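In: I need the structure of the sequence given here:
(one chain, ligands or ions: 1)
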Amino acid sequence: MTARITTVHTLDVRFPTSRELDGSDAMNPDPDYSAAYVVVSTDDPDGHEGHGFAFTIGRGNEVQTAAIETIGSMLVGRPLDTTLEALGPLWIELVHDSQLRWLGPEKGVIHMAISAVVNALWDLRAKRAGLPLWQLLAGLTPEEIVDLVDFRYLTDALTRDEALAILRAAEPGRAEREATLRAQGYPGYTTTPGWLGYDDEKLRRLCREAVADGFTQIKLKVGADLDDDLRRMRIARETVGPDIRIAVDANQRWDVGAAIDWVRALTAFDPWWVEEPTSPDDVLGLAAIARGIAPVKVATGEHVANRVVFKQLLQTGALSYLQIDAARVGGVNENVAILLLAAKFGVPVCPHAGGVGLCELVQHLSMFDFIAVSGSMDDRVIEYVDHLHEHFVAPVVVRDGRYLVPTAPGAGAEMRPQTLAAYRFPDGAVWAGEPQRSAL
Ligand SMILES: [Mg+2]
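Out: Numbering: from 1, shown residues only. Prediction:
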């Protein structure tokens, strides 16, 4: 009997992070980190489930969950093996659905819903293969990898043949790089010290701890008040010394001119990159900022909607560091396309993570990139925030400032059953008695 996908179940899961101001920045002062969560089940006797989620910050997580329900319903009844073997064509089918496409195309809630479902299918495929996702991806042939990518809208910057050439060039060194990765892990940087809602003493203590923990880069949230930013940058620089990189993140706060002025005002403290200085859609504005603040660099990507906008950011020289997000663009497939674009343009990928579960997901993509795409860890760091990892079946392991290779089969998205029950909104134990924060 052919095994089939039987159910696609969704859950609205929220963490009351706004109570401690964890995650507070200039644009998001009170986030409740949330996951619009999906579980793909089958009637295969092996019992494996695929888990995925879209990350949101609270209100609206019910909208995201409903969109995932809509996308997920398209999978029910499909044969398991052929579906998992053809995730490239499936991605195209979901993204270019003739009616759902009107809700994007390829952006926002509907695209994030595709991300959650596609990532859940990759989780299922990796579990069935008995491999962590990075290893599954890094074991595919160059032809199998390019078959995951939709090259529509990319060919003026990257053709299928060019992508194949990049992957073939990286092929001979794969085994050696995998051994390096297993021995050394992948470099990370920490955002833990820099949330805007923390007082100066907490900032100083967390900066000290970051250096003691082996990180060579930290990040501070900026953009609410220039005098505060100057004071906090001074404290951070005095605490970590001259050799630790300090990135700053404005979370889209400024117009183009204001971004240039503000970053120039901070240059006495040697900021390494400025992240999301303005709207994530403003390709030409970001390019103008990049020119205006050099040698300080622009990093962006966590809110970039899709591979087409990334293509333009690369074509215009608008970013020096490309920040993929594992759960915003259309999942693993589209991130493979973006990694290939970044490799073509020679731009380092430094993923966005934190939130809830984003570290667990995105580490697989950076490790795959190192082994099979760019072939390099130079000047690359994965964001790390020491927060909410205990809710995952296989939490990330970070030692001496580096992500150790995950060994558990799957893509890293699976939360513990106790967490899914306790944090379910609005009726989980954690939320019982809370005033309603959403329109539900
Ligand atoms: Mg950011």
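In: Could you use CA atoms for every contact and neighbour count after this?
Out: OK.
In: Could I get the full set of strands for this protein?
Out: 5-14, 34-42, 50-56, 186-194, 217-221, 245-249, 271-275, 297-300, 321-322, 382-384, 398-399, 402-403 (DSSP state E).
In: D97: which of those is closest?
Out: strand 5-14 (18.5 Å; C-alpha to C-alpha).
In: still on that earlier bit, export the strands of the chain as CSV, with columns for mean neighbour count, distance to E171 and mean pLDDT.
Out: What follows is these, written out as CSV (neighbours: other C-alpha atoms under 10 Å; distance: least, C-alpha to C-alpha, whole Å; pLDDT from 0 to 100):
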stretch, mean neighbour count, distance to E171, mean pLDDT
strand 5-14, 21, 34, 98
strand 34-42, 25, 33, 98
strand 50-56, 29, 29, 98
strand 186-194, 25, 19, 95
strand 217-221, 25, 30, 97
strand 245-249, 24, 32, 98
strand 271-275, 24, 32, 98
strand 297-300, 26, 28, 98
strand 321-322, 25, 23, 98
strand 382-384, 26, 23, 98
strand 398-399, 17, 27, 98
strand 402-403, 23, 23, 98
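In: Out of those strands, which is closest to D427?
Out: Evaluated over the strands of the chain, closeness to D427 peaks at strand 5-14, with 10.0 Å, by C-alpha to C-alpha.
In: Other residues contacting the closest one?
Out: With contact meaning C-alpha atoms under 8 Å, 6 or more residues apart in numbering, strand 5-14 is reached by 32-43, 58, 61-62, 65, 68-69, 72-73, 75-80, 420, 423-425.
In: Make a ChimeraX selection of whichever of those turn out to be buried.
Out: Remark: buried members of the contacts of strand 5-14, expressed as a ChimeraX selection using 16 or more other C-alpha atoms under 10 Å:
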select :32,33,34,35,36,37,38,39,40,41,42,43,58,61,62,65,68,69,72,75,76,78,80,420,423,424,425
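In: so of the contacts of strand 5-14, which ones are in helices?
Out: Mapping the contacts of strand 5-14 onto helices (DSSP state H) picks out 61-62, 65, 68-69, 72-73, 80, 420.
In: Check W195 and give its pLDDT.
Out: Looking at W195, its pLDDT is 88.
In: quick one: low-confidence parts of this protein?
Out: Where the chain drops to pLDDT under 70, the residues are 433-440.
In: just checking, what's the longest helix in it?
Out: Looking across the chain with DSSP H, the single longest helix is helix 108-129.
In: Same question for it: list its buried residues.
Out: Using 16+ other C-alpha under 10 Å as the test for burial, helix 108-129 gives 108-128.
In: Repeat that for stretch 148-155.
Out: Taking 16+ other C-alpha under 10 Å as the criterion, stretch 148-155 shows 148-151, 154 as buried.
In: from these, which is closest to M367?
Out: L148 (17.4 Å).
In: distance of A408 from I371?
Out: Look at A408 and I371: by C-alpha to C-alpha, to the nearest Å, they are 18 Å apart.
In: neighbour count winner among those two?
Out: More neighbours surround I371 than the other of A408 and I371, with 28 against 16 (other C-alpha atoms under 10 Å).
In: how about H391, what does it touch?
Out: Counting by C-alpha under 8 Å, 6+ apart, H391 has contacts 415-416, 419.
In: Near L103, how many other residues are there?
Out: Using other C-alpha under 10 Å, L103 has 12 other residues around it.
In: does it really touch I110, like I thought?
Out: Yes - assessed by C-alpha atoms under 8 Å, L103 is found in contact with I110 at 6.4 Å.
In: The nearest residue to T407 once chain neighbours are set aside bridge partners, please.
Out: What sits nearest to T407 in space, not counting adjacent residues and going by C-alpha to C-alpha, 6 or more residues apart in numbering, is P132, at 5.8 Å. Taking DSSP bridges as the rule, P132 bridges to G410.
In: Show me how the protein divides into domains.
Out: What automatic domain parsing lists as the domains of the chain is 5-131, 167-418.
In: who wins for proximity to T159 among those?
Out: Among the domains of the chain, the nearest to T159 by C-alpha to C-alpha is domain 167-418 (9.7 Å).
In: now the end-to-end length of that closest one.
Out: Terminal residues of domain 167-418 lie 41 Å apart, using C-alpha to C-alpha.
In: Please compute how far it lies from its chain's middle.
Out: Offset of domain 167-418 from its chain centre (C-alpha atoms, centre = their mean, to the nearest Å): 9 Å.
In: what residue is smack in the middle of the chain?
Out: D325 (2.4 Å; C-alpha atoms, centre = their mean).
In: surely it meets G355?
Out: No - between D325 and G355 there is no contact under C-alpha under 8 Å: 10.7 Å.
In: if we can go back for a sec, determine how far the longest helix of the chain lies from the middle of the whole chain.
Out: 13 Å.
In: related to what we said a few turns ago, go through the ones in helices among the contacts of strand 5-14 and say which is closest to A259.
Out: N61 (30.5 Å).
In: which residue packs closest to the closest one, ignoring adjacent ones?
Out: Excluding the flanking residues, the one nearest N61 by C-alpha to C-alpha, 6+ apart is A36, at 5.9 Å.
In: ok so, going back, show me the contacts for the residue nearest to the centre of the chain.
Out: D325 touches 301-303, 351-353, 358, 362, counting by C-alpha under 8 Å, 6+ apart.
In: farthest pair in the residues you listed?
Out: Greatest spacing in the contacts of D325, by C-alpha to C-alpha: H303 and V362 (14.7 Å).
In: out of those two, which sits in the busier spot?
Out: V362 (27 against 20).
In: now the more buried one: how far from D199?
Out: The value you get for V362 to D199, if C-alpha to C-alpha is used, is 30 Å.
In: same question, G428
Out: Note on G428: its distance to D199, by C-alpha to C-alpha, is 31 Å.
In: So for those two, which residue has more residues nearby?
Out: Taking neighbours as other C-alpha under 10 Å, G428 and D199 compare with G428 leading, 16 against 11.
In: Was I right to think the more buried one contacts A421?
Out: Yes - applying C-alpha under 8 Å as the test, G428 and A421 come out as touching, 5.9 Å apart.
In: And the helices in the stretch 251-400 of the chain, which stretches?
Out: 256-266, 283-293, 307-315, 331-345, 358-368 (DSSP state H, counting those that start in this stretch).
In: which other helices and strands contact the shortest one?
Out: Helix 307-315 makes packing contacts with helix 283-293, helix 331-345 when contacts are defined by 3 or more C-alpha pairs under 8 Å, 6 or more residues apart in numbering; DSSP states H and E.
In: ok, residues contacting it?
Out: Identification of contacts with helix 307-315 by C-alpha under 8 Å, 6+ apart yields 153-154, 157, 281, 283, 286-287, 301, 304, 319, 329, 334-335, 337-338, 341-342, 345.
In: Of these, keep whichever come out buried.
Out: Buried among the contacts of helix 307-315 (16+ other C-alpha under 10 Å): 154, 157, 283, 286-287, 301, 304, 319, 329, 334-335, 337-338, 341-342.
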